[in-house]
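*Asks:* Okay, predicted coordinates and the sequence, questions at the end:
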Amino acid sequence: MTTTPTLDAPGVTRHRSAATGLDWEAVDSLYYDCHVVSLTQLLPPRLLAAFLLVAGAPVLRAEWGGLSCRNLLDSEGARDDLLLGEWGVEKHHLPVHGDIEATLRAAVREHGHCVARVDSYYHEHFPEYYLRQHRTNGHKVTVVDYDEDSCTGIDNVGVRSLVLRFDRQLFVESIRSNLVHVYDKHDSLYRLAVGPDAELRLADGTVAARERAAVAALLADRDGLDAELARYRADFAADLTGPAIRRHAQLDNTYHTALMVERAYLALAQAHLRTTEPWAGLPGGGAPFLAGLDRATKGWRMLKMLCRNALDGGTATDTALLAALDRTREAERAATAAAR
């Protein structure tokens with residue numbers, strides 16, 4: 001068994017499966033986990049656009065001394081309610097007893113892919129866990145190819161989703177060991193399919209109606225966004241000069257909230273790139289609003305980086321942190337105005 005991770009070459013973002021002949025393309029890893037990343041590969045572009053809009057639209061609230069960001073992307077159950085429940089996408093669980101490798105290979109061969117939950121101890125592309133620490137929290141890899149020595153899957157590592165190659169024995173063990181510890185064992189191997197129900201809901205306007213409702217709710221929520229950010233700004237400023245524990249918590253919480261806002265806005269941008277239909281009621285078909293969100297995204301990204309620098313004992317000053325937050329708040333106000 002190898003003890004040295006062997007990452008595929010950076011920049012390799014396409015893979016043609018020798019087992020199926022299907023082409024797969026890696027994407028920016030802004031969709032939280034492999035289950036969502038795999039949707040970018042498996043859903044028709046129009047349904048993917050709807051999913052990214054409806055699931056990605058965020059709600060920001062100043063609460064518990066910080067700023068929270070919630071959307072459906074952050075909850076596997078909520079995502080399944082939307083895709084499987086409302087829109088009829090099919091999720092087919094595969095047997096987790098017997099010959100797991102044969103089951104996985106058959107799914108890839110017959111359906112093009114298999115989503116597998118793995119124990120990160122055997123995950124060669126996370127050096128902090130590889131052969132060091134077991135993590136059985138449901139990490140997933142979308143397997144798209146295999147040969148006698150390896151499995152090839154799409155996963156989100158860092159900020160990119162890459163086509164990764166795993167040692168065959170390690171990968172099978174990662175599935176088996178994960179099954180020992182997880183509660184929802186039946187959900188450890190599955191495949192997704194866009195069947196007739198999903199196609200009907202795309203055609204009959206069900207999906208489009210949900211998109212329009214999501215845009216309306218997003219714009220309505222933004223009416224109160226500046227007030228939420230003002231309350232949060234006051235807490236943020238106070239905590240920077242408060243007790244060390246509270247300061248650390250505020251910086252760490254802000255870092256993660258900024259990351260979630262960044263991902264939410266990027267999902268909206270990806271949705272808009274694929275179709276402008278749900279945004280038709282906005283000036284310019286939503287383009288000025290999305291451009292405004294892009295500027296706000298850059299602001300959240302800078303705030304995130306400064307928080308990380310401060311947490312790591314770097315040179316980021318409180319003045320710089322507050323200035324970055326104020327610039328971000330101004331960008332958010334401008335984005336809201338562009339939608340009116």
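*Replies:* Good, I have the coordinates. As the structure is a prediction and not an experimental result, all values here were calculated from the model. Numbers count the residues shown, from 1 in each chain.
*Asks:* so what's the closest residue to residue 239 other than its chain neighbours up against?
*Replies:* Once flanking residues are discounted, residue 239 sits nearest to residue 250: 3.9 Å by CB to CB, 6 or more residues apart in numbering. Placement of C-beta: from N, CA and C, glycine included. Going by CB atoms under 8 Å, 6 or more residues apart in numbering, residue 250 touches 65, 66, 235, 236, 239, 240, 242.
*Asks:* Please identify which helix or strand holds residue 250.
*Replies:* helix 244-274 (DSSP states H and E).
*Asks:* average pLDDT across the helix or strand just after that helix?
*Replies:* Using DSSP H and E, the helix or strand that follows helix 244-274 towards the C-terminus is helix 287-311. The pLDDT scores in helix 287-311 average 98.
*Asks:* Which positions within helix 287-311 qualify as buried?
*Replies:* Within helix 287-311, the residues that qualify as buried are 288-290, 292-297, 299-304, 306-310, counting by 16 or more other CB atoms under 10 Å.
*Asks:* May I ask you to confirm that residue 47 is in contact with residue 207?
*Replies:* Yes. The pair residue 47 / residue 207 is scored as a contact, 6.7 Å apart, by CB atoms under 8 Å.
*Asks:* Filter the contacts of residue 250 down to the ones in strands?
*Replies:* The strands, defined by DSSP state E, take in residue 66 from the contacts of residue 250.
*Asks:* Restricted to helices, list the contacts of residue 250.
*Replies:* 235, 236, 239, 240 (DSSP state H).
*Asks:* any idea which of these is closest to residue 52?
*Replies:* Nearest to residue 52 out of the ones in helices among the contacts of residue 250 is residue 236 (CB to CB; 29.1 Å).
*Asks:* right, and that closest one touches residue 318 too?
*Replies:* No. Counting by CB under 8 Å, residue 236 stays clear of residue 318, with 9.8 Å between them.
*Asks:* more neighbours, the two?
*Replies:* residue 236 (23 against 13; other CB atoms under 10 Å).
*Asks:* In terms of pLDDT, where does that one sit?
*Replies:* In this model, residue 236 is scored at 98, pLDDT.
*Asks:* So it versus residue 326, what's the distance?
*Replies:* Noted for residue 236: a distance of 10 Å to residue 326, by CB to CB, to the nearest Å.
*Asks:* Give me the neighbour count for residue 132.
*Replies:* 11.
*Asks:* So what does it look like in phi/psi?
*Replies:* phi -120, psi -40 (degrees, to the nearest 10).
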